[in-house]
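S.K.: I would like to see how this sequence folds:
(2 chains)
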Amino acid sequence: MAAAFKKPVRLIARLDIKGKNLIKGIHLEGLRVIGSPNEKARQYYEQGADELLYIDTVASLYNRSHLAELVTEVVKDVFIPITVGGGVRAVSDVKELLRAGADKVAINTAAVSNPSLITDVAESFGSQCVVLSIEAKKRGPGSWEAYVEGGREKTGRDVLEWLEEGVALGAGEVLVTSIDQDGTEKGFDIELMGLASQASKVPIIASGGMGSPSHATALLKQTKVDAVAGARSLHYDRLGLPEVRRTLLAEGYGVRAHGPQ
Amino acid sequence: MARNNTVIVDYGLGNLRSVAAATAEIGGKPEVTADLDAIRRAERIILPGVGAFPLAAQYLETSGIGSAITTAAGRGVPILGICLGMQLLFERGNEFGWSNGLGLIRGDVLPVLRTDEGEGLRGTHIGWRSLGFPPSGRRAPLFTGLKAGDSYYFVHSFSANPSDDRNVLATVSYGTKDLVVSAGEANVMGVQFHPEKSGSAGLRLLRNFIDI
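M.R.: Model prediction:
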């Protein structure tokens, strides 16, 4: 009957958004405009992305309204799951984004200031659509601090403790972004992702640092993460999703085959 | 060929916009509605859904939507349940205790993992998987033209267990067992994955459905 079980691994394109633009920085800072997020999204869909992340990292500071607009447009011709985050403060914000066509909603700042929001959203729409977004910055050996507001504000909270608490409150998935590795294209924070994926009962999306297929294989070899997100190297066409997928398939990981079979 | 509308049942849960967009993309003329007459008279119905079984089952019952779907099913029109929508087609679901589904396909809906299973597995099955088909060799019309390696997007913690093996249309392995991820009884069928989120393979499956 069905082929032998291999843990599914997803390849995700992450699009950081400000206003109506696709942006990218390094360590979540020095944001530069790259172009239209929806155009890039269509490109990644064609190239076989398994999922998209639309994250408005500055939405807590500015107006979030463009996010729902962008999503409404992109779901007309991009037929893969889309997680949308940025500026989500209330159950009504989640409802608006899901109605626009988002499959899941990522929550960071508001979850830290009001953890019961995670439970409220999970009870209203199911855990499967609540992604706890954690921005992690190393503060010492084996220790990371959670940040909010797009990596600008410290919370004083330990990343691994916050992760376990967020999952207990009802998060169905956790997006872990390494601020230290973000935008560097120098590889993932494997120690962080290893501990996070060990501690978590729900899937972990690793984000920050992917510059080559070998970064993805190193991550999957040494951790239990469920999904690998790339951003900067993809946006500047220095790395292609098909290349990463071919490498992971060849190494025996459970990524989907896409393209000619 | 002029096609009739595809009624997409709006019962307040799920990614209706995406299901409608995918249906439009393959020429299925989506009509998103909660109108009982429209559902009763539909020529083709998609029951989407994301969320928890008991709440959805209760809403289908109190709103009258459930019996409208049953009426349409009795007329022999093709009905496709997606994700929670598939589960609701079964007799009973065991999520936060037992509750009754529409009973259009015989069987129960249970957690993907029992508490004593799942060493190293997550309780939520999420990601892209390719399917296995029953050994009878006959491929259901829903899967016409789809290749063995084609993958579909899953996100679920419960899955259906048809009481009649002949109603199993497709499976995936999970740990050491197989989950039933597509089932059909007469004109009523369901898929546990999200065809509307499964790229070109998912669109092909939806096209197969509207061609039935």
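S.K.: so which strand or helix has residue A:34?
M.R.: Assessed by DSSP states H and E, residue A:34 sits inside strand A:29-35.
S.K.: distance between that strand and the chain's centre?
M.R.: For strand A:29-35, the separation from the chain centroid amounts to 18 Å (computed by C-alpha atoms, centre = their mean, to the nearest Å).
S.K.: for it, what is the average pLDDT?
M.R.: For strand A:29-35, mean pLDDT is 87.
S.K.: List the neighbouring strands of the helix or strand harbouring residue A:16 plus their orientation.
M.R.: Residue A:16 belongs to strand A:10-18 when assigned by DSSP H and E. Strand A:10-18 sits in its sheet next to strand A:21-26 (antiparallel), strand A:51-55 (parallel), strand A:227-230 (parallel), going by DSSP bridges.
S.K.: Any residue of the following helix or strand past the strand holding residue A:34 touching chain B?
M.R.: Once the chain leaves strand A:29-35, the next helix or strand it forms, by DSSP H and E, is helix A:37-46. Yes. Helix A:37-46 is in contact with chain B by C-beta under 8 Å from any C-beta of the partner chain, via residue A:45. Using the backbone N, CA and C atoms, a C-beta is placed for each residue, glycine as well.
S.K.: send the alpha carbons of helix A:37-46 over as CSV?
M.R.: The C-alpha coordinates for helix A:37-46 follow below in CSV (Å, rounded to 0.1, in the frame of the first residue of the first chain):
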residue,chain,number,x,y,z
PRO,A,37,6.0,40.0,-2.5
ASN,A,38,3.2,38.5,-4.6
GLU,A,39,5.4,38.3,-7.7
LYS,A,40,8.1,36.5,-5.7
ALA,A,41,5.4,34.3,-4.2
ARG,A,42,4.3,33.1,-7.6
GLN,A,43,7.9,32.4,-8.6
TYR,A,44,8.4,30.3,-5.5
TYR,A,45,5.1,28.5,-6.1
GLU,A,46,6.2,27.6,-9.7
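S.K.: For the strand holding residue A:34, list every residue counted as buried.
M.R.: A:31, A:34 (16 or more other C-beta atoms under 10 Å in any protein chain shown).
S.K.: Just give me how far the host helix or strand of residue A:168 sits from the chain centre.
M.R.: If you go by DSSP H and E, residue A:168 is part of helix A:159-169. How far helix A:159-169 lies from its chain's middle: 17 Å, per C-alpha atoms, centre = their mean.
S.K.: Could you export that helix as CSV, CA atoms only?
M.R.: Output of helix A:159-169 as CSV, limited to C-alpha atoms (Å, rounded to 0.1, in the frame of the first residue of the first chain):
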residue,chain,number,x,y,z
VAL,A,159,13.5,31.0,24.2
LEU,A,160,13.2,27.3,25.1
GLU,A,161,11.0,28.0,28.2
TRP,A,162,8.8,30.3,26.1
LEU,A,163,8.5,27.7,23.4
GLU,A,164,7.3,25.1,25.8
GLU,A,165,4.8,27.5,27.4
GLY,A,166,3.5,28.6,24.0
VAL,A,167,2.9,25.0,22.9
ALA,A,168,1.2,24.2,26.2
LEU,A,169,-1.1,27.2,25.6
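S.K.: Show residues contacting that helix.
M.R.: A:111-112, A:115-116, A:118-119, A:122, A:132, A:134, A:136, A:144-146, A:155, A:174, A:176, A:192, A:195-196, A:199-202 (C-beta atoms under 8 Å, 6 or more residues apart in numbering or on different chains).
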